[in-house]
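K.L.:
Test case, fold it:
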Amino acid sequence: MPLLPDVLSFDELGGVKTDYIPVIDPTTDLSALNLNLARDGVAQMSRTALRGWIRFATAATSGAMVLSDWETTWKADVSTLPVLARSTAGVFTLTLPASVLDALGNTHTINLRAASVSAETFPIVVAASISSANVITVHVGTGSTLSDQAGTIVMVQFA
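P.N.:
Sure, this is the predicted structure:
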């Protein structure tokens, strides 16, 4: 069964269930209806929930870029660190692993669908796009001119 970061369907979460016997004590027993509603909510949320975020500082070289903080729905540790790189002036890439393990040891292929970005400095202009299944490209500059804006903290959220 897929788990986040994958999109889940209600059927993958077990589909509709019915009570084998009526709930005897609603303070200790959970009805099938309650579980159906909870699993449907999880399935719906899996289609729109963020999969993670990355906060980094821009720089004039890849080696000088700083990963400030990050978090994902999958195991966020050294084995899944995003790789930060500067492609050209004002263009940066954030590469996530091609696949990750969930807490149960299942492998999930990363397939990003959307990204949004903001800069913590004004009047910096930023834009983000998904350039491949596991790569986000971030454009930074002022007005219509791309520039590194070294030291600018950028926050990228992705689904």
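
K.L.:
C-alpha only now, for contacts and for neighbours.
P.N.:
Will do.

K.L.:
For residue 130, the count of nearby residues, please.
P.N.:
For residue 130, the neighbour count with other C-alpha atoms under 10 Å is 19.

K.L.:
Show me where the chain has its helices.
P.N.:
Here the chain has its helices, by DSSP state H, at 32-48.

K.L.:
what about the chain, any weak spots by pLDDT?
P.N.:
Applying pLDDT under 70 to the chain flags the ranges 1-4.

K.L.:
Contacts only, for the residue nearest the centre of it.
P.N.:
By C-alpha atoms, centre = their mean, the chain has its centre lying nearest to residue 51, at 2.3 Å. The contact partners of residue 51, by C-alpha atoms under 8 Å, 6 or more residues apart in numbering, come to 4, 5, 72, 73, 157, 158, 159.

K.L.:
Over to the residue lying farthest from the centre of the chain: give its phi and psi.
P.N.:
Relative to the mean C-alpha coordinate of the chain, counting by C-alpha atoms, centre = their mean, the farthest residue is residue 24 (41.1 Å). The phi/psi pair for residue 24 (degrees, to the nearest 10) reads phi -90, psi -50.

K.L.:
heads up, I number from 689, so please use that
P.N.:
That works, and once the first residue is 689, the last one we named lands at residue 712.
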